[in-house]
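In: Curious how this folds, go ahead:
(one chain, ligands or ions: 1)
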Amino acid sequence: MELNENARIDTSQIDDQRGSGGGGGGGIGGLPIGGGGITGIIISLVLAVVGGYFGINQISGGGSEPQTGDNTSLSQECSQSDASKQLDCRNVLYVNSIQDYWKDAMPQNFGDPYQPAKTVLFSRQVNTACGAADSGVGPFYCPGDDRVYIDLTFYQQLADQLGAPGEFAQPYVLAHEYGHHIQDLTGTEATMRRQQQRDPGQQNALSVKLELQADCYAGVWAKNATGTDDGSGQKIFTSITDQDIQEGLDTAKQIGDDTLQQRGGGQVNPAEFTHGTSAQRQQWFRTGFESGSPKSCDTFKQGAVS
Ligand SMILES: [Zn+2]
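Out: Numbering: from 1, shown residues only. Below is the predicted model of the structure:
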């Protein structure tokens, strides 16, 4: 994967709250972080990586006042000549690319305009409309304020503790979270929540379908990423290779429910799956990548996920 060093890095799509001293003491409330040590880490990552979403139910209840950060130092950093080599600025570019893709793909595929969503960079803890969260919950999307939240140190955990060191893990995680934003915009998420309420026995199975669809959307973005630009005609990526896609698949494998349960030392219990197995997560990322079309991501279709 190579980023175009001439692409403009649009930090206005980011809200950098890392300098604000954390989430203001909201704490993690009811977050079931589990015991200390590696088990706790694994449990929190299970919620996390998915985080996405699932995470939000685990965050302490009641929306707290979302905060606003200060992008001054980020925009300075990302206007330097070597900015596309910096972790922060690369992640800004991933967000820029993902949103550039959906800006056109959303109306084309779903008939509705795309509504931009900011990514909040935080450290340690953060207040959101979905409640207060700490880094242990991992990256997540909050439908209440339409934002993606990530503590970038998560990537180090992904590499060190979960065996997914490839750099393409980073845009994969972000594209998955933006997949949840798309589900919010299309109404798929709200429909699924209603189904969960009607049929509590299917709660986890429905969650798996939602998560696998977000993985599929990440694959769709990956397929189309080299076509995305910075708004002034500069492509954001100059290349995405087979190896990058393999790294995306490897990440999907490492965060499958069965693999995480095994890694946590427990038994594999399918009834507790909320995100899908390693095989399913890889399969749906691949489905999205191979088709390049969001239409291929109908995980809710009868029989699509068994
Ligand atoms: Zn998710």
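
In: State the three-state secondary structure for Tyr149.
Out: strand (DSSP: H, G, I helix; E, B strand; the rest coil).

In: which residue packs closest to it, ignoring adjacent ones?
Out: Leaving aside its chain neighbours, Tyr149 sits nearest to Val120 (4.9 Å; criterion: C-beta to C-beta, 6 or more residues apart in numbering). For the C-beta atoms, the positions are set from N, CA and C on the backbone; glycine is no exception.

In: I'd assumed Val148 was in contact with that neighbour.
Out: Yes - the pair Val120 / Val148 is scored as a contact, 7.0 Å apart, by C-beta atoms under 8 Å.

In: neighbour count winner among those two?
Out: Set side by side, Val120 and Val148 show more neighbours around Val148, with 26 against 23, by other C-beta atoms under 10 Å.

In: do you know how far that one is from Pro270?
Out: 29 Å (C-beta to C-beta, to the nearest Å).

In: returning to what we had before: which pLDDT value belongs to the residue nearest to Tyr149?
Out: Per-residue pLDDT puts Val120 at 97.

In: show me the contacts for it.
Out: By C-beta atoms under 8 Å, 6 or more residues apart in numbering, Val120 lies in contact with 14-17, 69, 126, 128, 147-150.

In: before we move on, what about Ala117?
Out: Ala117 sits in contact with 99, 141, 146-148, 178, 181, where contact means C-beta under 8 Å, 6+ apart.

In: cool, Asn269 as well?
Out: Asn269 neighbours (C-beta under 8 Å, 6+ apart): Gln261.

In: 10 Å instead?
Out: 257-258, 261 (C-beta atoms under 10 Å, 6 or more residues apart in numbering).

In: what's the neighbour count on Pro66?
Out: 19.

In: So for it, what's the nearest residue that isn't a sequence neighbour?
Out: Going by C-beta to C-beta, 6+ apart, Pro66 has Asp145 as its nearest residue, at 5.2 Å.

In: Just confirm yes or no for stretch 250-258 near the ion.
Out: No - applying C-beta under 5 Å from the ion, one finds stretch 250-258 separated from the ion by no less than 9.6 Å.

In: now that stretch: how far from the chain's centre is it?
Out: 14 Å (C-alpha atoms, centre = their mean, to the nearest Å).

In: start to end distance for it?
Out: 14 Å (C-alpha to C-alpha, to the nearest Å).

In: and it, average pLDDT?
Out: In the prediction, stretch 250-258 has an average pLDDT of 94.

In: The nearest residue to Thr128 once chain neighbours are set aside: how many residues sit nearby?
Out: Leaving aside its chain neighbours, Thr128 sits nearest to Cys142 (4.7 Å; criterion: C-beta to C-beta, 6+ apart). By the other C-beta under 10 Å criterion, the neighbourhood of Cys142 contains 28 residues.

In: who does Cys142 bridge with?
Out: Per DSSP bridges, the residues bridged to Cys142 are Arg147.

In: How much space separates Gly256 from Glu247?
Out: 15 Å.

In: In this protein, mark out all the strands, start to finish.
Out: For the chain, the strands defined by DSSP state E cover 2-3, 14-16, 119-121, 125-128, 131-134, 140-142, 147-150, 237-239.

In: pretty sure Thr251 is touching Gln170, no?
Out: Yes - with contact defined as C-beta atoms under 10 Å, Thr251 reaches Gln170; the gap is 9.1 Å.

In: For the two, indicate the residue with more neighbours.
Out: Ranked by neighbour count (other C-beta under 10 Å), Thr251 and Gln170 place Thr251 first, with 27 against 22.

In: Distance-wise, check that one relative to Glu167.
Out: Taking C-beta to C-beta, one finds Thr251 at 10 Å from Glu167.

In: Check what pLDDT Gly37 gets.
Out: Reading off the model, Gly37 has pLDDT 28.

In: do Arg263 as well
Out: pLDDT, Arg263: 89.

In: and it, how many neighbours does it have?
Out: 19.

In: And for Asp151?
Out: Counted with other C-beta under 10 Å, Asp151 comes out at 24.

In: again with Ala279
Out: Neighbour tally, Ala279, other C-beta under 10 Å: 13.

In: so what's the residue lying closest to it once chain neighbours are set aside up against?
Out: Setting aside the residues directly before and after it, Ala279 is nearest to Gly256 in space (C-beta to C-beta, 6+ apart), at 7.0 Å. Taking C-beta under 10 Å, 6+ apart as the criterion, Gly256 is in contact with 49, 262, 273, 275-282.

In: gap between Pro66 and Ser306?
Out: 39 Å.

In: Alright, that wraps it up for me.
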